[in-house]
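Visitor: After the sequence you'll find the predicted model.
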Amino acid sequence: MKKEVVICVIIIILVIILNIITMNYTKESVQSLKTELSNIKQDIEQEKEVNSINEKIGNLKNNWESRYEKLAYYIEHDELEKVHLYIVGIDSNVNSDEYSQAIGELDKCNYILEHIQDKYSLSFKNIF
């Protein structure tokens, strides 16, 4: 009987530790992407050079691609695909000089990222 209790306690502790690790990585990823999105939005609103905006979008894409693989282990792929779709939309709208639509895509991407962070955080709302 003691052996089973010890094993159960170890499993519960392991699950909690892994949940904290994934929650922290999700939070870090979302903050990093949101920072890049806000920088791109500021550049668009200030009507900066298209080359600098495209460079920041390239950095955003690279950041997303590097984080996507790890996030895909524990986050629903539908939500990750939405973020990817909005990033592609931002890029295509900037390249076609549709800056107002690009800002709309930026806001949608920010919303989805916040939703992902809230959904996968350890809180009473998510537990019950």
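Guide: All right, it came through fine.

Visitor: elements contacting the helix or strand hosting Ser92?
Guide: Assigned by DSSP states H and E, Ser92 falls within helix 77-95. Contacts defined by 3 or more CB pairs under 8 Å, 6 or more residues apart in numbering; DSSP states H and E place helix 77-95 against helix 2-45, helix 50-71, helix 99-119. The way it works is simple: take the backbone N, C-alpha and C, and place the C-beta from them, glycine included.

Visitor: Could you single out the most deeply buried of the ones you listed?
Guide: Among the helices and strands packed on helix 77-95, helix 99-119 has the highest mean neighbour count (mean count of other CB atoms under 10 Å), at a mean of 17.

Visitor: Give me the angle between it and helix 2-45.
Guide: Counting by axes from the mean of the first three to the mean of the last three CA atoms, to 10 degrees, helix 99-119 lies at 160 degrees to helix 2-45.

Visitor: Let me know the distance separating the most centrally placed residue in the chain from Gln117.
Guide: Most central in the chain under CA atoms, centre = their mean is Val30, positioned 4.0 Å from the mean C-alpha point. With distances taken as CB to CB, to the nearest Å, Val30 is found 4 Å from Gln117.

Visitor: same question, Ser38
Guide: In this view, Ser38 and Gln117 are 15 Å apart by CB to CB.
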